[in-house]
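> next input, structure requested:
(one chain, ligands or ions: 1)
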Amino acid sequence: MASVRTRFAPSATGALHVGGVRTALFSYLFARHFGGRFVLRIEDTDRQRSTQAWVDEIVGALQWLRIEWDEGPFFQTQRMDLYRETIERLLDKGLAYRCTCTPDELEAKRKVAMQGGGSLGYDRHCRPGFGPGPIAGRPAAIRFAVPTEGEAVIDDLVKERVVFRYADVDDFVIARSDGWPTYNLVVTVDDAAMEISHVIRGDDLLPSTPKQIALYQALDAPVPSFAHLPQVLGVDRARLSKRHAATAVTSYRELGYYPDALVNFLARLGWSHGDQEVFSRTELIHAFSLQNVGKSAGVFNLEKLDWLNFQYLKARTPEELASDLRPFMASRGIVVPGDDAWLAKMAGTLRERAKTLGELTDMAGFYLADD
Ligand code: GLU
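Numbers count the residues shown, from 1 in each chain. Alright, predicted model coming up:
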C-alpha cells in the first residue's frame with residue numbers, strides 16, 4: 001500500500017481509557033503492518049478542560065504499552081496560525097461566512113422548529129444568498145458553507161459504505177466568536193497537513209465525518225480512508241464503565257498487569273485472527289488487518305485479561321519475576337528484605353496461584369510479615 005500514515009489524536013481532557021488506547025493500538029499496528037508512519041497528535045484546544053497532567057498521563061500510558069509513535073507529539077494549541085490562515089482562505093473563497101446569530105436567538109428558533117416540526121438545523125440566516133445576513137457591530141462566529149446538495153460517501157474500512165446527504169448537514173461553526181477554531185476544522189486541517197492516509201477512530205465520531213469530508217473538498221485536499229471502530233462494551237453489552245472494570249489504562253499498570261498482556265488483550269477486542277489468543281508483538285504486526293475488525297462492539301471480559309496475563313506471568317522465569325516484582329513492590333511502598341534470590345524463590349513458589357504482580361505481591365505479604 002502506498003505510504004500509509006496513521007495518527008492517534010487523543011483529547012487532553014481525561015485519562016486514556018481502554019477504548020481510546022485500543023484505537024491507538026489499531027492505528028499503530030496498521031501503520032507497522034504496512035511499514036508506514038504513526039503520528040501522535042494531542043488535541044488540547046479545549047482550554048477549560050485540557051491540562052498538562054492529562055498529557056503526561058496519556059503519553060506515559062502509551063510509552064508503558066510500547067505503542068511507539070514516529071512523529072510528534074504535536075500540540076494543536078501550537079498550530080493556531082495554520083488554522084487561522086485556513087479560515088481566512090475559506091472566507092476569501094466564499095466557502096465560509098460570518099454569523100452573528102446569538103445563542104439565545106438560535107435557541108428561540110430551535111424551540112419554534114421543535115413545536116412546528118421544522119428542521120432543527122441552522123436556518124442559514126447569515127449565509128450570503130440564503131438569509132438577511134449578519135448584523136453589523138456584533139461579534140461574529142465563522143460557519144462553513146456546507147454544499148446544499150450532493151452526498152458524502154464514506155467507504156469505511158470497517159463499516160463499509162455509509163452515505164450522508166449534505167442537505168442533512170448543518171452549516172457548522174469552524175471558529176467561535178472569540179476566534180478560537182473548533183474540532184471539525186482543526187482535525188481536518190491537521191489530518192490534511194500531516195498527510196494522514198487512514199483515519200482510524202471510534203465510531204462515535206462517524207456523524208462528524210461528512211462535515212470533515214466537505215472541508216477536505218473545500219481545501220482541495222485528498223480525502224483519507226476512514227475506519228470507524230465499534231465501541232468497547234462490558235460483558236452485559238452496556239457501554240464499558242467503572243461498573244464493569246477499571247477503565248483507565250494506568251489502573252492496569254497499578255494492578256500489576258504486564259503491558260504486553262494488555263496489548264494482546266486490547267488487540268483482540270473487536271479484531272480476530274482465527275482461534276489464536278496469544279500473540280507476540282511481532283505476530284500482531286504481521287497478522288493485523290482492518291478486514292478482520294468486526295462490525296459489532298468488542299466486549300471487555302476481565303476474566304480473559306486475567307487469563308492472558310497469567311500466560312505471560314507463567315512464561316517468566318523465577319529470576320525474571322523477581323526483577324519484575326522488586327520495582328512493582330517498591331511502587332506500593334514495600335521494601336523487600338533480602339536479595340533477588342529470595343524473591344525469586346518466593347515468586348517461584350506462589351506464581352501458579354497469582355494472575356497479576358499485584359496478586360503475587362498480596363500473597364508475598366504473608367512471607368514478608370513472617371520475615
Ligand atoms: N480528539 C478526539 C477524541 O479524543 C478524536 C479526534 C479524531 O480521532 O478524529 O475524541
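> name the helices or strands packed onto the longest helix anywhere in the chain?
When the chain is scanned for its longest helix (criterion: DSSP state H), the result is helix 18-33. Contact partners of helix 18-33 among helices and strands, from 3 or more CB pairs under 8 Å, 6 or more residues apart in numbering; DSSP states H and E: strand 5-8, strand 37-42, helix 52-64, strand 198-202, strand 225-229, strand 232-233, helix 259-267, helix 281-287. The way it works is simple: take the backbone N, C-alpha and C, and place the C-beta from them, glycine included.
> isn't Phe328 right next to Gly256, touching?
Yes - between Phe328 and Gly256 there is a contact under CB atoms under 8 Å: 5.8 Å.
> joint contacts of the two?
Shared contacts of Phe328 and Gly256 (CB atoms under 8 Å, 6 or more residues apart in numbering): Leu357, Gly358, Thr361.
> give me the pLDDT value at the first one.
We note a pLDDT of 97 for Leu357 in this prediction.
> which non-adjacent residue is nearest His273?
The shortest distance from His273 to any non-neighbouring residue, by CB to CB, 6 or more residues apart in numbering, is to Ala287 (4.6 Å).
> run a quick neighbour tally on the one you found.
For Ala287, the count of nearby residues is 17 (other CB atoms under 10 Å).
> what of Phe366?
10.
> work out for me the element it sits within.
Assigned by DSSP states H and E, Phe366 belongs to helix 357-370.
> ok so, going back, so which of the helices and strands packed on helix 18-33 is the most packed in?
Per-stretch averages of neighbours, counted by mean count of other CB atoms under 10 Å, single out strand 5-8 among these, with a mean of 26.
> just checking, what packs against it?
Counting by 3+ CB pairs under 8 Å, 6+ apart, strand 5-8 packs on helix 18-33, strand 37-42, strand 198-202.
> turn these into CSV, including distance to the ligand and mean pLDDT.
Formatted as CSV, the helices and strands packed on strand 5-8 follow (distance: least, CB to the nearest ligand atom, whole Å; pLDDT from 0 to 100):
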stretch, distance to the ligand, mean pLDDT
helix 18-33, 7, 97
strand 37-42, 8, 98
strand 198-202, 4, 98
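> residues from this structure in reach of the ligand?
By the criterion of CB under 6 Å from any ligand atom, the positions of the chain lying close to the ligand are Ala9, Pro10, Ser11, Glu43, Val187, Arg201, Leu205.
> residues in contact with the fifth one?
In this structure, Val187 makes contact with Ala9, Glu43, Gln212, judged by CB under 8 Å, 6+ apart.
> tell me the one of those nearest Tyr312?
Distance to Tyr312, by CB to CB, is smallest for Ala9 among these, at 29.7 Å.
> by neighbours, which of the contacts of Val187 wins?
Neighbour-wise, these (other CB under 10 Å) top out at Ala9, 25 neighbours.
> just want the residue of the stretch 251-371 of the chain that's nearest the ligand.
Leu290 (15.4 Å; CB to the nearest ligand atom).
> which residues does that residue contact?
Leu290 neighbours (CB under 8 Å, 6+ apart): Phe26, Phe30, Leu157, Val158, Ile200, Ala227.
> try it again with 10 Å
26, 29-30, 33, 156-158, 198, 200, 225, 227, 229, 271 (CB atoms under 10 Å, 6 or more residues apart in numbering).
> which one of those is nearest to Lys109?
Asp156 (33.5 Å).
> distance of that closest one from Leu206?
Distance, Asp156 to Leu206, using CB to CB, to the nearest Å: 8 Å.
> got any residues that touch both of the two?
Shared contacts of Asp156 and Leu206, counting by CB under 10 Å, 6+ apart, come down to Val162, Phe226, His228.
> for the ligand, see how far away the residue nearest to the first one when sequence neighbours are not counted is.
If the residues on either side of it in the chain are set aside, Val162 comes closest to Ile154, at 4.5 Å by CB to CB, 6+ apart. Look at Ile154 and the ligand: by CB to the nearest ligand atom, to the nearest Å, they are 13 Å apart.
> is Ile154 in a helix, a strand, or coil?
strand (DSSP: H, G, I helix; E, B strand; the rest coil).
> name the helices or strands packed onto the helix or strand harbouring Thr250?
Secondary structure from DSSP H and E places Thr250 in helix 249-254. Other elements packing on helix 249-254 under the criterion 3 or more CB pairs under 10 Å, 6 or more residues apart in numbering; DSSP states H and E are helix 18-33, helix 52-64, helix 259-267, helix 318-331, helix 357-370.
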